[in-house]
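K.L.:
got a sequence here, can you model it:
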Amino acid sequence: MPRTTLDKIAGSGSVVGAYILQGLEHINPRWKDRLVKAIASAHVQLYRRSGGRWRIDRPGAPALLLTTTGRKSGQPRTTALYYLPDGDRQILVASYVGDIRHPQWYLNLAAEPTVTVQVGTTARDAVARVLTGDERTAIWPRLVENWPGYAGYQQRTTRELPVIALESR
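P.N.:
Residues are numbered from 1 along each chain as shown. Sure thing, here's the model as predicted:
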């Protein structure tokens, strides 16, 4: 799907979109959380209704739907995320635009790593594994090449941004 000017300026994967979210984080983190939740919900609905053909994209980064189990509720929680294809697995970064907090989806999969991944119309069960050490170090340059914003996000937070591999069960 070709990107529109609006997508490039205000889309969730845009530089301007990141600055808006970062600004909201400093003003009131709840506002940022609400906006992120609204964008994510719209992205999930758009993705589901079109079988993944229509999505909020950013150049070079395909999107998927990740369903985790809510760590408090036990209910399924689905979010749309950008990923880096890596053979038969997908690589995610739990950046939350460089926030000092982890995104909720990451906290859920840390509590229960069995997830469902949907790419296009194909869904499968997977296990989420946090990459550490040399494995994380080796893939980080590819992630930054795919989305340069990750480097800036890492610089603006004190936490190491988790890198997660979604591997078939």
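
K.L.:
may I see the buried residues of the lengthiest strand in the chain?
P.N.:
When the chain is parsed with DSSP state E, its longest strand is strand 122-131. For strand 122-131, burial by neighbour count (16 or more other C-beta atoms under 10 Å) applies to A126, A128, V130, L131. Every residue, glycine included, has its C-beta placed from N, CA and C.

K.L.:
which residues does the third one bridge with?
P.N.:
Spelled out, that is V130. I164 (DSSP bridges).

K.L.:
residue numbering should commence at 346 henceforth.
P.N.:
Fine by me, first position is 346 from now on; the one you just mentioned is V475.

K.L.:
what residues does the residue nearest in space to the middle of the chain make contact with?
P.N.:
The residue lying closest to the centre of the chain (C-alpha atoms, centre = their mean) is L426, at 3.5 Å. L426 makes contacts with A408, L409, L410, L411, L437, W450, as judged by C-beta atoms under 8 Å, 6 or more residues apart in numbering.

K.L.:
where do the strands sit along this structure?
P.N.:
Going by DSSP E, the chain shows strands at 408-414, 421-427, 429-431, 434-438, 459-464, 467-476, 508-513.

K.L.:
would you turn the buried residues of strand 467-476 into TSV with distance to L380?
P.N.:
Converted to TSV, the buried residues of strand 467-476 look like this (distance: C-beta to C-beta, whole Å):
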residue	distance to L380
A471	28
A473	25
V475	27
L476	29
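
K.L.:
list the buried residues in the longest helix seen in the chain.
P.N.:
Using DSSP state H to define each element, the chain has its longest helix at helix 374-395. Across helix 374-395, burial judged by 16+ other C-beta under 10 Å covers K377, D378, V381, I384, A385, H388, V389, L391, Y392, R393.

K.L.:
swap in stretch 475-489?
P.N.:
By 16+ other C-beta under 10 Å, the buried positions in stretch 475-489 come out as V475, L476, R481, I484, W485, L488, V489.

K.L.:
ok, now which ones touch the spatially closest residue to I436 that is not a sequence neighbour?
P.N.:
Distance criterion C-beta to C-beta, 6 or more residues apart in numbering; nearest residue to I436, sequence neighbours excluded, is L429 at 4.2 Å. By C-beta under 8 Å, 6+ apart, the contact list for L429 reads A406, Q435, I436, L437, I484, R487, L488, N491.
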